[in-house]
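**Student:** Pasting the sequence and the predicted coordinates here, then a few questions.
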There are 2 protein chains.
Amino acid sequence: MPVDYSYNRYLQTTRTLGGTKNADPDHVHLSFGFPHSDLFPIQELAEAARQATLEQGRKGLHYYGGSAISYLPHWIAGRLEQIDIRVPPEQIKVTVGAAQAIEIAARILCNPGDEVWVENPSFFGALRMFRLAGAERIRSFEIDGDGILVEPLREELERRAQMGEAQPKLLYVMPNFQNPTGVCLTVERRRQLAELAQTYGFYILEDDAYMELNYSDAFEPAIHTFAPEHVIHIGTFSKIVGPGVRLGWAVVPPVLLKYVQQFMSGSQTNPYMQEIVSSFLQNNDFQSYLDRIRSQYKAQRDVMVAALLQHFGNVIEVRLPTGGFFLCVRFAQPTDVSELTRLAERHGVSVLDGSAFYGNREGRNTLRLCFTYSSPTEIELGIQRLAEAYKQLRSG
Amino acid sequence: MPVDYSYNRYLQTTRTLGGTKNADPDHVHLSFGFPHSDLFPIQELAEAARQATLEQGRKGLHYYGGSAISYLPHWIAGRLEQIDIRVPPEQIKVTVGAAQAIEIAARILCNPGDEVWVENPSFFGALRMFRLAGAERIRSFEIDGDGILVEPLREELERRAQMGEAQPKLLYVMPNFQNPTGVCLTVERRRQLAELAQTYGFYILEDDAYMELNYSDAFEPAIHTFAPEHVIHIGTFSKIVGPGVRLGWAVVPPVLLKYVQQFMSGSQTNPYMQEIVSSFLQNNDFQSYLDRIRSQYKAQRDVMVAALLQHFGNVIEVRLPTGGFFLCVRFAQPTDVSELTRLAERHGVSVLDGSAFYGNREGRNTLRLCFTYSSPTEIELGIQRLAEAYKQLRSG
């Protein structure tokens, strides 16, 4: 009777890290989309946790929370001004990671049979969320180096309007440092997507998880700025504090607030954890902490690119991402990346077969590599092992 | 397009506490189902939070968590032996409060159109969860002083079996200190329900949120013990540590584990918070802490009963609960409890109109009063104000 959803390799790999397989300390994990453990602000959070408990515990340990409940949306609103989003804190709903924001958006906007449109490739975790939320029909649209291609999308919307067919309910887009490609959506395309949403009456779920991990200092205005009433903009503390705090947020158009609220009051966000993160933000210099993270991730990205060029040369194409967690490697010649991934695992490095991200699992000769989780030394070792696996694949 | 679910008074009241209305410090809240703020183990948690961050932060701040991920299920398994549940820790899934356990059970077991059976009255929060999860069809069965009446349930199951009609997917029962009535299900009825679940192939969702708040020391075996493969038994840290930690659990039959797992990996439970609670449990004497809470709640219950008898005498009937958070007051004569609730609010005390818990909102002259959240002095003041409101109702 229960619905069966297939798991993907990535989640299996993720689980085994907490368990027993691949617990070899020498194994290099370039598959996870995780922050670097050494960059967690352990000392600062330990003090924040202690202080938040002492000062806000009598309220924070209840369902309704203490001062963080108003402080966090206020803080988030301030950060969003970097990308020209100006909303009152009341429109910002703190969620159980960005994942819950995605889930709630799908559950309030999609009825069974409704369509969700996504980028191709796109983050499979989000696609799983859509399916679990009952939005089984997912349609993918190609991206290039400037993000999702708007024309095919416009044509399909126009065609459906003319034919009187149902339009999608939701378009899921990662505008900055897209997972897995690392590309950014141009401002012009952002504007165009916003206009299409207004014309055809769908919502855009703008997943901006990596917004703060920008290695170029050039911030572009969010899609939200062009159609605030048609965009749910989401973000997360996972990349800037730690995934373990399970706190994200959604900027919710006023008309949707009451529907979102319904889903918040059950599996509601952790008020005590909000106090801890709030205390951390209030008692530390967040910007200099963030600058430290960005600078290290940027250096790790460069180490990975250099290692890839050294070991692979013209065999691969790599686009240098200006932010985020990931590099997308494309093999110039047809390559069995699925087999390569298996071989790499045996050589002591985990990488992610790009096919997990494509609607039809075609893969297209790509691998996703995460440059944030591992140290520069581990990255160099990992790429070297990947090169050995590649040699074996070619010779096999 | 979004589905509209009506809010109930309770949730509105809950929200205003965090906001501005009823922030009058002199107002007495007997409506909330909350623990007492003074009993939160603030000092112990502050130290546990600091220590957990320092010792487990590098893992706990990732998605997959540190040592708590295995410790908590182990600890829970130990506590469950009090009610004769003996399961391996692998069957215990830590959730975002008991609420997520209810939500996941409904989402994996119910398709649209499926029926959920509940007690009448029952906890409206759970009923909301069922509806949000798509299980719109809810049927209520009466309870008496020994819990849900088994015969009407058996008759309906038999009738449907004979007619070839669809059976319910889920029976939601609170076996101990039921919310709102405070009654316990007899062992004989537990056994009978378990047999019916086996015979007719439905699942029992056994919500044992108040299990540890037992003021009599007499533990009865769980329904789970009579049909472990047909019962999802759920519990929570909300009543024994604090709702703000948002951690609960479900004992999941092996055949359902993989379906439950799917919903865990998205809006997953907070690994960092699990480390904090785990550290608290490992470094403190939980049983003596719990004994302190139970002894104070028992005393508060007695204060409330004494005040009710003093001010209302034969006007009401009260059943003394042997555990949990709540007293259910029934007026011997037909009484407009809805109007009484409004008047009480103006007299400075919040109580909960019993109609929120009944399937047809009939109410039946009942009020639910929580004796845990307020101090003895506040309880006496609150009941006195309730009596004044009652006098005004009678004279009006």
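**Tutor:** Structure's in. What do you need?

**Student:** Close to chain B: what parts of the stretch 51-200 of chain A are there?
**Tutor:** Taking CB under 8 Å from any CB of the partner chain as the criterion, the stretch 51-200 of chain A approaches chain B at residues A:51-54, A:57-65, A:69, A:96-97, A:99-100, A:103, A:107-109, A:111-112, A:125, A:128-129, A:132, A:134, A:169. Heads up, the C-betas are built off the backbone N, CA and C, glycines and all.

**Student:** Could you pull up the residues touching the residue in the stretch 1-150 of chain A that chain B sits nearest to?
**Tutor:** Relative to chain B, the nearest point of the stretch 1-150 of chain A is A:L61 (3.1 Å; CB to the nearest CB). Residues in contact with A:L61, defined by CB atoms under 8 Å, 6 or more residues apart in numbering or on different chains, are A:P271, A:Y272, B:S37, B:F40, B:I42, B:L45, B:V241, B:G242, B:P243, B:G244, B:V245.

**Student:** One more: A:A77?
**Tutor:** With CB under 8 Å, 6+ apart, A:A77 has these contacts: A:R86, A:V87, A:P88, A:P89, A:I92.

**Student:** A:P89 too?
**Tutor:** With CB under 8 Å, 6+ apart, A:P89 has these contacts: A:S70, A:P73, A:H74, A:I76, A:A77.

**Student:** Mind doing that once more with 10 Å?
**Tutor:** By CB atoms under 10 Å, 6 or more residues apart in numbering or on different chains, the contact list for A:P89 reads A:S70, A:Y71, A:L72, A:P73, A:H74, A:W75, A:I76, A:A77, A:G78.

**Student:** do A:I69 as well
**Tutor:** Contacts of A:I69 (CB under 10 Å, 6+ apart): A:Q56, A:K59, A:G60, A:V94, A:T269, A:P271, A:Q274, A:E275, A:S278, B:G18, B:G19.

**Student:** Inside strands: which ones of the contacts of A:A77?
**Tutor:** In strands, defined here by DSSP state E, the members of the contacts of A:A77 are A:I92.

**Student:** between the contacts of A:A77, which has the most around it?
**Tutor:** Neighbour counts for these (other CB atoms under 10 Å in any protein chain shown) peak at A:I92, which has 22 neighbours.

**Student:** I'd guessed that residue sits against A:V251; true?
**Tutor:** Yes: applying CB atoms under 10 Å, one finds A:I92 in contact with A:V251, separated by 5.7 Å.

**Student:** Find the residues that touch each one of these two.
**Tutor:** A:P73, A:I76, A:A77, A:L80, A:I85, A:H233, A:G235.

**Student:** Which of these fall in helices?
**Tutor:** If you go by DSSP state H, the shared contacts of A:I92 and A:V251 have A:P73, A:I76, A:A77, A:L80 in helices.

**Student:** so how many other residues sit close to the last one?
**Tutor:** The burial metric for A:L80, expressed as a neighbour count using other CB under 10 Å, is 22.

**Student:** May I ask which helix or strand encompasses the nearest residue to A:P112 once chain neighbours are set aside?
**Tutor:** Spatial nearest neighbour of A:P112, chain neighbours left out: A:G134 (5.1 Å); criterion: CB to CB, 6 or more residues apart in numbering or on different chains. Secondary structure from DSSP states H and E places A:G134 outside every helix and strand.

**Student:** Isn't A:G134 up against A:K169?
**Tutor:** No: A:G134 is beyond contact range of A:K169, at 11.2 Å (criterion: CB under 10 Å).

**Student:** Now the common contact residues for those two.
**Tutor:** Contacts common to A:G134 and A:K169, judged by CB under 10 Å, 6+ apart, are A:A106, A:C110, A:N111, A:G113, A:D114.

**Student:** Who are the contact partners of the second one?
**Tutor:** Taking CB under 10 Å, 6+ apart as the contact definition, A:C110 lies against A:116, A:130, A:133-137, A:168-170, A:203, B:1-2.

**Student:** out of the shared contacts of A:I92 and A:V251, who's nearest A:E380?
**Tutor:** Lowest distance from A:E380 to the shared contacts of A:I92 and A:V251 (CB to CB) belongs to A:G235, with 31.9 Å.

**Student:** That closest one: what's it in contact with?
**Tutor:** A:76, A:79-80, A:83, A:85, A:92, A:95, A:98, A:101, A:206-212, A:247-251.

**Student:** one more time with 7 Å
**Tutor:** By CB atoms under 7 Å, 6 or more residues apart in numbering or on different chains, the contact set of A:G235 is A:I76, A:A98, A:D208, A:A209, A:M211, A:G248, A:W249.
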